[in-house]
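J.: Sharing a model prediction with you, sequence too.
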Amino acid sequence: MKIIKKTLLLSLFLIGFTSCNNKEEAKHEAHLEPLAYTLYTENSELFVEFKPLIVGETSKFAAHFTVLGENFTALTDAKITVSLIVGDKGIKNSVDAPSSPGIFRLALNPKTTGIGTLIFDIITKDFTDKITIEDVVVYADMKTALAKQPEHTESGDISYLKEQAWKVEFANQAVKKDTFNDVIKTSGQILSAPGDEMIVTAKASGVVVFSGKNTIVGSAVNSGNSLFTITGGDMTESNIDASVKDAKANYLKAKADYERSKALVADKIVSEREHQQVKLQFENAQTAYNTISKNYSGKGQNVLAPMSGFVKNILVTEGQFVASGTPLATISKNKKLLVQANISQNYFSRLSSITSANFKTPQSDVVYNTTALNGRIVSYGKSASASTPFIPVTFEIDNEGQLVSGSIIEIYLKSSTIADALVVPVSALIEEQGIFYVYVQTGGESFQKREVKLGASDGLNVQVLSGIVENERVVTKGGYQIKLSSASGALPAHGHEH
């Protein structure tokens with residue numbers, strides 16, 4: 001009986017001991033933190049998470065692949081192969097499709113301990129890529145892995161998942177030192193270039209009649225196209241029809257007098273002096289008739305387009321009486337424009353250092369560059385006028401079709417060069433009560449909000465004086481989404497498998 005009791009107690013002890021050991025192992029395994037790597041190539045970004053590699057243990061990889069471009073998007077169609085090479089031995093695993101857009105699930109079961117290399121091979125219809133992670137440790141057992149595991153610390157970084165970034169316009173870029181320009185920010189206006197625009201005027205007095213579609217603002221016209229007709233109508237004065245008839249009658253009479261005078265002077269019946277007087281009257285009558293009858297038909301005098309272009313504006317209404325010389329319309333080639341910046345006199349000494357400019361209209365976020373538009377500096381103002389204290393700087397540019405003469409613009413004049421400047425796109429900036437911030441990516445799904453001090457801005461990019469360092473990756477698109485996500489504190493289901 002005593003022997004049975006002792007055996008029972010021993011069994012209970014062993015069961016309890018084994019249970020405690022299993023619980024302890026489970027406890028330790030639960031605290032084996034995953035490794036995370038974020039690497040970039042020209043085409044793609046890899047963010048991968050996996051448990052430390054242990055011989056004989058299967059480690060599952062949650063590999064997030066992003067296609068880089070103007071907007072970062074999830075890789076949805078690719079074959080991914082992960083290889084582990086330790087010494088001269090290697091293993092690999094491949095998948096032909098993601099488990100969900102952008103996330104490829106792979107697994108490896110290492111056979112050899114040591115320092116190895118992980119290689120991810122990417123094959124898509126558009127590109128192939130290879131991403132390598134060096135110095136990956138393969139542990140002999142769980143106990144060793146736990147002992148080597150660094151102590152976990154809270155970073156305080158903002159979490160923003162790939163699944164969130166792929167659903168919005170998102171991008172980031174590495175900050176590099178580059179040559180930048182000191183900038184003078186001012187305002188100005190787009191103007192028509194000399195010779196690019198002409199005003200059509202009435203060649204005679206009369207009533208204006210429009211000539212169909214050519215008198216619609218914005219319509220294209222060719223040189224010589226009829227725009228208007230000036231008619232006499234029922235006018236008792238300044239009647240073009242009556243004027244043409246009078247001029248023709250005067251011309252025919254002067255011509256007849258001249259022909260008769262030529263015969264008489266030959267017979268010495270009239271003097272040479274009298275003949276020259278008759279000839280002069282004839283030539284004057286001929287000139288007057290040719291001038292007033294030019295482009296005249298039975299309907300009136302046609303007013304023609306002086307050059308090819310488009311109708312910029314119409315300055316009269318149909319049926320309006322106009323005097324000779326009255327502006328009727330404006331024709332523009334719209335091929336060349338002037339960008340005129342108005343600069344404070346404080347910058348007069350820096351005018352000679354201005355080389356180019358960026359500019360934008362208040363209605364659009366598109367920033368144009370004078371160099372890209374084949375622009376050149378036409379003139380620098382040498383003094384301010386009595387009507388304005390500003391000094392004009394004028395560029396001539398090609399019109400790419402989106403710019404309208406007369407538009408008010410914001411201008412960023414580029415002057416002296418700044419060497420080794422840290423520059424980020426203006427789109428990366430987040431403003432809060434006059435203070436500017438950027439989001440710096442510290443890991444695949446972790447970000448830090450950094451206050452930055454700014455220098456010069458050219459409308460597209462801005463110099464950063466402090467707050468970030470070279471090679472850090474700054475969010476250039478999607479910063480406000482990260483801000484809203486961090487403010488809400490809510491994250492979608494992650495779905496990563498470790």
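T.: Done, it's in. Everything numeric in this text was worked out from a predicted model, so none of it was measured. Numbering: from 1, shown residues only.

J.: any weak-confidence spans in this protein?
T.: Along the chain, segments meeting pLDDT under 70 span 1-31, 233-241, 292-293, 295-298, 383-387, 401, 488-498.

J.: Check it and tell me which residue is nearest its centre.
T.: Val366 (5.0 Å; C-alpha atoms, centre = their mean).

J.: Against which helices or strands is the helix or strand harbouring Tyr37 packed?
T.: Element membership of Tyr37 [criterion: DSSP states H and E] is strand 35-40. Applying 3 or more C-beta pairs under 8 Å, 6 or more residues apart in numbering; DSSP states H and E, one finds that strand 35-40 makes contact with strand 44-50, strand 128-139, strand 435-443. Bear in mind the C-beta positions are built from the backbone N, C-alpha and C, glycine included.

J.: Give the partner strands of the shortest one in its sheet and their orientations.
T.: Yep, that's strand 44-50 we're talking about. Strand 44-50 has these partner strands in its sheet, going by DSSP bridges: strand 35-40 (antiparallel), strand 59-67 (antiparallel).

J.: just these: most buried one?
T.: Ranked by mean neighbour count under mean count of other C-beta atoms under 10 Å, those are led by strand 59-67, which reaches a mean of 22.

J.: could you dump the helices and strands packed on strand 35-40 to CSV with mean neighbour count and distance to Ala456?
T.: Converted to CSV, these look like this (neighbours: other C-beta atoms under 10 Å; distance: least, C-beta to C-beta, whole Å):
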stretch, mean neighbour count, distance to Ala456
strand 44-50, 21, 30
strand 128-139, 15, 37
strand 435-443, 19, 14
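
J.: Quick one: those strands as JSON lines, columns for distance to Ala487 too.
T.: Formatted as JSON lines, these follow (distance: least, C-beta to C-beta, whole Å):
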{"stretch": "strand 44-50", "distance to Ala487": "23"}
{"stretch": "strand 128-139", "distance to Ala487": "33"}
{"stretch": "strand 435-443", "distance to Ala487": "13"}
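
J.: closest to Leu146 out of the ones you listed?
T.: Of all the helices and strands packed on strand 35-40, strand 128-139 sits nearest to Leu146, with 8.9 Å by C-beta to C-beta.

J.: quick one: that closest one to strand 59-67, angle?
T.: Calculated by axes from the mean of the first three to the mean of the last three C-alpha atoms, to 10 degrees, strand 128-139 forms an angle of 150 degrees with strand 59-67.

J.: Could you give the backbone dihedrals for the residue nearest to the centre of the chain?
T.: phi -70, psi 130 (degrees, to the nearest 10).

J.: residues in contact with the nearest residue to it once chain neighbours are set aside?
T.: Once flanking residues are discounted, Val366 sits nearest to Lys360: 6.3 Å by C-beta to C-beta, 6 or more residues apart in numbering. For Lys360, the contacting residues are Val366, Val367, Tyr368, Ile409, Glu410, Gly459, by C-beta atoms under 8 Å, 6 or more residues apart in numbering.

J.: One more: Lys79?
T.: By C-beta under 8 Å, 6+ apart, the residues touching Lys79 are Ser94, Val95, Asp96, Ile122, Ile123.

J.: Name the surrounding residues that touch stretch 322-330.
T.: Applying C-beta under 8 Å, 6+ apart, the contact partners of stretch 322-330 are 197-208, 215, 227-228, 230, 238, 303, 311-316.

J.: which of those residues are buried?
T.: By neighbour count, with 16 or more other C-beta atoms under 10 Å, the contacts of stretch 322-330 hold 197-198, 200, 202-208, 215, 227-228, 230, 238, 303, 311-312, 314, 316 as buried.

J.: All the helices of the stretch 351-498 of the chain, in order from the start?
T.: With DSSP state H, counting those that start in this stretch as the criterion, the stretch 351-498 of the chain has helices at 479-488.

J.: That one: strands as residue ranges?
T.: 356-360, 368-369, 376-380, 391-398, 408-425, 430-432, 435-443, 446-451, 453-457, 461-466, 473-477 (DSSP state E, counting those that start in this stretch).

J.: ditto for the stretch 151-300 of the chain
T.: Taking DSSP E, counting those that start in this stretch as the test, the strands found in the stretch 151-300 of the chain are 158-159, 171-174, 177-192, 197-201, 206-210, 220-221, 226-231, 296-297, 300-304.

J.: Including distance to Glu49, could these go into CSV?
T.: Below are the strands of the stretch 151-300 of the chain laid out as CSV (distance: least, C-beta to C-beta, whole Å):
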stretch, distance to Glu49
strand 158-159, 13
strand 171-174, 19
strand 177-192, 32
strand 197-201, 63
strand 206-210, 72
strand 220-221, 60
strand 226-231, 71
strand 296-297, 84
strand 300-304, 75
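
J.: between the ones you listed, which one is nearest to Lys255?
T.: Ranking the strands of the stretch 151-300 of the chain by their distance to Lys255 (criterion: C-beta to C-beta) puts strand 296-297 first, at 18.5 Å.

J.: quick one on the thing from earlier: how far off strand 473-477 does the strand holding Tyr37 point, in degrees?
T.: Angle, strand 35-40 to strand 473-477, by the same axes, to 10 degrees: 70 degrees.
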